[in-house]
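Colleague: A predicted structure for the sequence below; I have some questions about it.
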Amino acid sequence: MSFKIIETQDQLDKIIADRLERQKTQIEEKYKGFDEVKKANEDLQVEIAGLKEKIDTLNSEKQEHINKVEGLNAKIKNHELSDLKLKIALENNIPYTIAQRLQGETEEEIEADARNMSEYVSNNGIFKAPPLKNLEPAGVNEDTSYKKLLLELEGE
């Protein structure tokens, strides 16, 4: 291509317009399909937002299920502990009605408590009461105390 001297403004404008057209063509060629990619990206962003929302919903549902399972496991443990207490109470001749009063979390602890409690329970299921302390002053016999009580009652 040989160089031509530019003599008029129209020639300069035409050369600049041609150059701008070539530049525009190159840019269009370089970024061809950009609008499709941009649209696809926007679509993906919307889909990602929807998936994040779904993940949050699933995580909250998961936590609800975990809490429910933990609650049910606690109930199961309480029932198993109650059954264990009943079994140990019956083995130690402790009445069914007071079996749940046994203390402990493990079988060994409950058995130890049952042995202690069975010392206070007779074979017929009645508690053995410890002897009462004598509250009368020294030197006073029972007959005198009863007579005094009766006299006080009659005086009322």
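Modeller: Okay, I see it.
Colleague: Residue 87: neighbour count?
Modeller: Counted with other C-beta atoms under 10 Å, residues neighbouring residue 87 total 14. For glycine as for every other residue, the C-beta is placed from the backbone atoms N, C-alpha and C.
Colleague: Also residue 93?
Modeller: Residue 93 is flanked by 14 other residues according to other C-beta under 10 Å.
Colleague: Now do the phi/psi pair for it.
Modeller: phi 60, psi 40 (degrees, to the nearest 10).
Colleague: Check whether it really touches residue 121, as I assumed.
Modeller: Yes. Counting by C-beta atoms under 8 Å, residue 121 is a contact partner of residue 93 at 6.8 Å.
Colleague: quick one: which helix or strand includes the spatially most central residue of the chain?
Modeller: The structure's the chain has its C-alpha centroid closest to residue 67; by C-alpha atoms, centre = their mean the separation is 4.6 Å. Taking DSSP states H and E as the definition, one finds residue 67 inside helix 34-91.
Colleague: Can you point out the buried residues in the helix or strand containing residue 108?
Modeller: Under the criterion of DSSP H and E, residue 108 resides in helix 107-118. Along helix 107-118, the positions that meet the burial threshold by neighbour count (16 or more other C-beta atoms under 10 Å) are 110-111, 113-114, 117-118.
Colleague: before we move on, what about stretch 71-82?
Modeller: The neighbour-count criterion (16+ other C-beta under 10 Å) identifies residue 81 as the buried residues of stretch 71-82.
Colleague: and that stretch, what's its mean pLDDT?
Modeller: Mean per-residue pLDDT for stretch 71-82: 95.
Colleague: do stretch 101-111 as well
Modeller: With pLDDT averaged residue by residue, stretch 101-111 scores 91.
Colleague: and that stretch, how far apart are its ends?
Modeller: Distance between the boundary residues of stretch 101-111 (C-alpha to C-alpha, to the nearest Å) amounts to 12 Å.
Colleague: lowest confidence element among the helices and strands of the protein?
Modeller: Least confident helix or strand of the chain, by mean pLDDT, DSSP states H and E, is helix 142-154 with a mean of 81.
Colleague: Please save the CA atoms from it in PDB.
Modeller: These are the backbone C-alpha positions of helix 142-154, laid out as PDB (Å, rounded to 0.1, in the frame of the first residue of the first chain):
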ATOM      1  CA  GLU A 142     -44.000 -42.100 130.300                       C
ATOM      2  CA  ASP A 143     -47.000 -42.300 132.700                       C
ATOM      3  CA  THR A 144     -46.300 -38.900 134.200                       C
ATOM      4  CA  SER A 145     -46.000 -37.400 130.700                       C
ATOM      5  CA  TYR A 146     -49.300 -38.800 129.600                       C
ATOM      6  CA  LYS A 147     -51.100 -37.600 132.800                       C
ATOM      7  CA  LYS A 148     -49.700 -34.100 132.300                       C
ATOM      8  CA  LEU A 149     -50.900 -34.100 128.600                       C
ATOM      9  CA  LEU A 150     -54.400 -35.200 129.700                       C
ATOM     10  CA  LEU A 151     -54.600 -32.500 132.300                       C
ATOM     11  CA  GLU A 152     -53.600 -29.900 129.800                       C
ATOM     12  CA  LEU A 153     -56.200 -31.100 127.400                       C
ATOM     13  CA  GLU A 154     -59.000 -31.100 130.000                       C
END
